[in-house]
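Trainee: Just to be clear, the model below is a prediction. Sequence and coordinates:
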Amino acid sequence: MIEITINRERCVRCLECVDVCPTGVIVAKDNEPFVENPDKCIGCLSCSYVCRADAITHKGVYIEKKLVYDPNLEERIKKFV
Amino acid sequence: MKVGIVKLASCSGCQVALLDTYEKFLEIADSIVYAPLVKDTRELPSCDVILVEGAVRTEHELRMLKDAREKAKILVAFGSCSALGGISGLGSMFKPEKLIADVYGRELDYKLLDFAYPIDRFVNVDYYLPGCPPTPELIAKFIDGLVSGNIEPIDYPVCAECGRIVVHTKIETIKKTELPDPKICLLSQGYVCLGSVTRGGCKAVCTKAGVPCKGCRGPTNKVMMLPCKDYLTEIHDRMKRIAGFDLEFEDLASIYAFTFSSDIMMNKPVSRIKEVMRMGRIGGGRT
């Protein structure tokens, strides 16, 4: 089963994840997103891509796409203060 | 600790921001051994930390940069020009001969490099401190980190510090000059605000004052990492969702203002920097 966690400290409450979720897993309550039906999640990761604060993480989804196109980029990015 | 400040193609604004740290500057004032703006030393000595301000635009600057790398234990890209190309990088939009002809009206003895490069194109950089300029608080925090050896990388967007509330609206045109509502997200109101794709840490000084974010701190880690993410695609999709508005950007160069010469943003498959550059270089001249 896919486990979704929302980092409350990072979340900026823009509720865009609620808009993009195709199966209604993430629901808005009092202007805050909550994971309501995790077993409906299809692992499309739309919510994670759309999140501006990088607050949503998934456990149990295997990503086949290689997202980094420059092998040194990750090293460089770590140095940004 | 010996600190040197090397200035390349830039406006000295970052050095002025360093002076604006007041008490913190007094703490490090004695350890500054080379800084053309505040100290009358001619030769760059060996330093523990060298802050490099500005992009590389001439061969003289390239020699200065390589000299600084040899003499520094820690080399810091100080400000957006040295980290990402910044405002100096916008000069890459035109051919160097055209720039010189427009500004001086005649030919010069020395030649500009073909582009304005961020410094990591030529040398290895230990830390990047982007910002135009980085706020005095950021600089003070960075200096503290250097002294204690514990530097925390910042990876959250400007939105995290802004405090405006996102509301789903339906707008029809992009706003530019009207006064915004003080509590509602600028994107919801129809302003092109780059806050959601820009690295935070600046305490959102612009958006809190009602000025849309121009993206001076450069992209967040997520935007840098994902090939499908770019300023244009992200802001376009976000405005479509939040404000119900299908945006057509007219002034692309102003969206990429601070990352125009950065290879990180330029090499993205979705980026339109190369297209803007081609148009500027073929068309030539300023508009």
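Mentor: Cool, got the structure. Numbers count the residues shown, from 1 in each chain, chains lettered A, B, ... in the order given.
Trainee: Flag the shaky bits of the chain, pLDDT-wise.
Mentor: By default, I'm working from chain A. Within chain A, the ranges that satisfy pLDDT under 70 run A:63-69.
Trainee: My question was about chain B, not that one.
Mentor: Filtered on pLDDT under 70, chain B yields the residue ranges B:283-287.
Trainee: Can you give me the domain assignment for it?
Mentor: Annotated domains of chain B cover B:3-148, B:159-249 [automatic domain parsing].
Trainee: Give me the three-state assignment for the residue nearest the centre of chain A.
Mentor: Most central in chain A under Cα atoms, centre = their mean is residue A:48, positioned 2.2 Å from the mean C-alpha point. Secondary structure, DSSP: H, G, I helix; E, B strand; the rest coil: residue A:48 is helix.
Trainee: what do you get for residue A:33?
Mentor: Three-state call for residue A:33 (three-state DSSP): strand.
Trainee: Residue A:19 is in contact with that one, correct?
Mentor: No: using Cβ atoms under 8 Å, residue A:33 is not in contact with residue A:19, being 10.2 Å away. For glycine as for every other residue, the C-beta is placed from the backbone atoms N, C-alpha and C.
Trainee: So the two - more neighbours on which side?
Mentor: Just comparing residue A:33 and residue A:19: by other Cβ atoms under 10 Å in any protein chain shown the higher neighbour count belongs to residue A:33, 23 against 15.
Trainee: For the more buried one, list each beta-bridge partner.
Mentor: Beta-bridge partners for residue A:33, by DSSP bridges, are residue A:28.
Trainee: That one: what's it in contact with?
Mentor: Residues counted as contacts of residue A:33 (Cβ atoms under 8 Å, 6 or more residues apart in numbering or on different chains) are A:6, A:11, A:13, A:15, A:17-18, A:26-27.
Trainee: Give me the buried entries from those.
Mentor: The neighbour-count criterion (16 or more other Cβ atoms under 10 Å in any protein chain shown) marks A:6, A:11, A:15, A:17-18, A:26 among the contacts of residue A:33 as buried.
Trainee: Can you tell me how far residue B:37 is from residue B:155?
Mentor: Note on residue B:37: its distance to residue B:155, by Cβ to Cβ, to the nearest Å, is 31 Å.
Trainee: These two: who's more crowded?
Mentor: Here residue B:37 and residue B:155 are compared on neighbour count by other Cβ under 10 Å; more neighbours surround residue B:155, at 18 against 13.
Trainee: and that one, which of the three is it?
Mentor: Here residue B:155 is recorded as coil under three-state DSSP.
Trainee: Does it touch residue B:219 like I think?
Mentor: No: checked against Cβ under 8 Å, the pair residue B:155 and residue B:219 is beyond contact range at 11.0 Å.
Trainee: Can you name the residues of chain A sitting close to chain B?
Mentor: Within chain A, the positions near chain B by Cβ under 8 Å from any Cβ of the partner chain are A:10, A:12-16, A:19-20, A:31, A:49-50, A:52-54, A:67-70, A:73-74, A:76-81.
Trainee: Out of these, list just those in helices.
Mentor: Counting by DSSP state H, the residues of chain A next to chain B place A:16, A:19-20, A:49-50, A:73-74, A:76-77 in helices.
Trainee: ok, and does the helix or strand containing residue B:280 reach over to chain A?
Mentor: Taking DSSP states H and E as the definition, one finds residue B:280 inside helix B:273-283. No: applying Cβ under 8 Å from any Cβ, one finds helix B:273-283 separated from chain A by no less than 15.3 Å.
Trainee: Can you spell out which helices and strands pack onto that helix?
Mentor: In this structure, helix B:273-283 makes packing contacts with helix B:252-255, helix B:263-266, judged by 3 or more Cβ pairs under 8 Å, 6 or more residues apart in numbering or on different chains; DSSP states H and E.
Trainee: switch to 10 Å and redo it
Mentor: In this structure, helix B:273-283 packs against helix B:96-104, helix B:252-255, helix B:263-266, with contacts taken as 3 or more Cβ pairs under 10 Å, 6 or more residues apart in numbering or on different chains; DSSP states H and E.
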